[in-house]
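**Q** here's a sequence, model it:
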Amino acid sequence: MSDTVSENPQAARQPPPHSAVALPPESPAPKPTWGETLRVYLEAPTLRMLLLGFSAGLPLLLVFGTLSFWLREAGIDRTTIGYLSWVGLAYGFKWVWAPLVDRLPIPLLTRLLGRRRSWLLLSQAVIMAALVSMALTDPRAALLPVVWCALAVAFASATQDIALDAFRIESADVKRQAALAATYQTGYRIAMIWAGAGVLWIAARAEVPGAGSYQHGAWQAAYLVMAASMLLGMVTVLFSPEPAAREMPPARNAAEWLKGALVDPFADFLRRYGKHALLILALIAVYRISDVVMGIMANPFYVDMGYTKDEVAYVTKIYGVIMTLVGAFAGGALAMRFGVMKVLMLGAVLSAGSNLLFAWLGSLGHDVNALIFVISADNLSSGIASAAFIAYLSSLTNINYSATQYALFSSMMLLLPKFLAGYSGSYVDSFGYSHFFTATALLGIPVLLLVWLASRMEPA
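**A** Model (predicted):
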């Protein structure tokens, strides 16, 4: 044997014909250290998402909860206020015009800023202008102009969401999407505090003593401050680099352009995932079902349990938001280190399980310490689940159709839960809070199965 080797060195390294030889497995990529994992939160694209997330979160309450408070104080009846909540349908159907945001250039502005930044800046400018118009209109004197302004804010805000989701997805690689999602949520939640508690604080201090319970000037001041707050996002857009441009195939006629804008993004998703597409869409449609259905009855529950406005505000609106942010950062870091699918499963388990804590809380009656504990667990779970879910949705998109595909996914994730949530009040009336919270936890069981099935086709 030694003579053979000396005469033909290659013989020692060549396996005999038709033999089964076990090749050494490829070494897996080393996991990043915790220092490397957390350092991503200091990178420029991540910090930009904090400011742009604030810009995205600011308009939402200004056309929902905060606006309804203003309208009710102005003497508008509850039925009308309820109908005005349909303004929010703009967010649920943003996928309809997402293809235009994905592909249609804005004259002059796109040439100066690029495709993503031009749509972001235009939508932010419309939001600011509409908020100024709302501030200058007294709903007690003329409600219809306020309604049209609210529609403009909602439509422009949904358009900003479309462009911003695409901007985020295209600004970093897949491994960093969870961190970008976490900082985006942080900015979004901070903006909701500012657009909720901040507006009421400003309006209260702008009131003139003895001038009556409703003063339009106070609300005008508050909404003008909110309009000015949009400047933060606009300045961020102006000083941000445009993501690398993706070449779109030229269209020879209008029909071909419409096919590329409307049909190709959906056909691309079906083509890439094939038989798994329905599984993915089912997971998207139900992943947040426990949280959303339960959340509709959360505030009535607090009232019925005897919690005061101050207790609810401090524990659920301020402390609860902080815990959500902690959960979002934890979810982003865990997803980078252990993989999105594992954290997606963890978030689904925690979200469903935390609903059972509300059933336990209902058996105690008024107990602020127990409320703090339950809010801690629930909001921490929600933050973890949200960060992982946004990263998962981002990973599903084709970067050539990122705005359209992500808009479809983010719209789908609320349609079924919101529909079921409409029956939550009648369910509580029939069976009580404890049974209701337990039922919403059970809604999470199919989610666990779908995450497990999806993990078998996606890298962990």
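
**Q** could you pull out the helices in the stretch 201-350 of the chain for me?
**A** With DSSP state H, counting those that start in this stretch as the criterion, the stretch 201-350 of the chain has helices at 216-229, 231-238, 254-258, 264-273, 277-286, 289-295, 298-304, 309-312, 320-338, 340-362.

**Q** to T183, which of those helices lies closest?
**A** With Cβ to Cβ, the closest approach to T183 among these belongs to helix 320-338: 7.8 Å. (C-beta placed from N, C-alpha, C; glycine too.)

**Q** for that closest one, packing partners?
**A** Counting contacts by 3 or more Cβ pairs under 8 Å, 6 or more residues apart in numbering; DSSP states H and E, helix 320-338 packs against helix 34-39, helix 177-193, helix 340-362, helix 368-396.

**Q** mean neighbour count, these: which tops it?
**A** Stretch with highest mean neighbour count among the helices and strands packed on helix 320-338: helix 177-193 (a mean of 25; mean count of other Cβ atoms under 10 Å).

**Q** tell me which strands and helices that one is in contact with?
**A** For helix 177-193, the elements it packs on are helix 44-62, helix 143-170, helix 320-338, helix 368-396, judged by 3+ Cβ pairs under 8 Å, 6+ apart.

**Q** out of the ones you listed, which is closest to T404?
**A** For the helices and strands packed on helix 177-193, proximity to T404 was assessed by Cβ to Cβ; helix 143-170 is nearest, at 8.1 Å.

**Q** next, the angle helix 44-62 makes with that closest one.
**A** With axes from the mean of the first three to the mean of the last three Cα atoms, to 10 degrees applied, the angle from helix 143-170 to helix 44-62 works out at 160 degrees.

**Q** next one: helix 143-170 to chain centre, how far?
**A** Helix 143-170 has its C-alpha centroid displaced from the chain centroid by 14 Å (Cα atoms, centre = their mean, to the nearest Å).

**Q** quick one, it and helix 216-229 angle?
**A** Here the directions of helix 143-170 and helix 216-229 differ by 20 degrees (the same axes, to 10 degrees).

**Q** give the buried residues for helix 143-170.
**A** By neighbour count with 16 or more other Cβ atoms under 10 Å, helix 143-170 contains the buried residues 143, 146-147, 149-170.

**Q** which of the helices and strands packed on helix 177-193 comes out lowest on mean pLDDT?
**A** Among those, helix 320-338 has the lowest mean pLDDT, at a mean of 84.

**Q** could you dump that one to PDB, C-alpha only?
**A** Once non-C-alpha atoms are left out, helix 320-338 reads as follows in PDB (Å, rounded to 0.1, in the frame of the first residue of the first chain):
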ATOM      1  CA  GLY A 320     -47.500  49.200  29.500                       C
ATOM      2  CA  VAL A 321     -45.900  51.000  26.600                       C
ATOM      3  CA  ILE A 322     -42.500  50.800  28.300                       C
ATOM      4  CA  MET A 323     -42.900  47.000  28.700                       C
ATOM      5  CA  THR A 324     -44.000  46.700  25.100                       C
ATOM      6  CA  LEU A 325     -40.800  48.400  24.000                       C
ATOM      7  CA  VAL A 326     -38.700  46.200  26.300                       C
ATOM      8  CA  GLY A 327     -40.400  43.200  24.700                       C
ATOM      9  CA  ALA A 328     -39.800  44.600  21.200                       C
ATOM     10  CA  PHE A 329     -36.100  45.000  21.800                       C
ATOM     11  CA  ALA A 330     -35.800  41.600  23.400                       C
ATOM     12  CA  GLY A 331     -37.700  40.000  20.500                       C
ATOM     13  CA  GLY A 332     -35.400  41.700  18.000                       C
ATOM     14  CA  ALA A 333     -32.300  40.600  19.800                       C
ATOM     15  CA  LEU A 334     -33.500  37.000  20.300                       C
ATOM     16  CA  ALA A 335     -34.600  36.800  16.600                       C
ATOM     17  CA  MET A 336     -31.100  37.800  15.500                       C
ATOM     18  CA  ARG A 337     -29.500  35.300  17.800                       C
ATOM     19  CA  PHE A 338     -31.800  32.300  17.600                       C
END
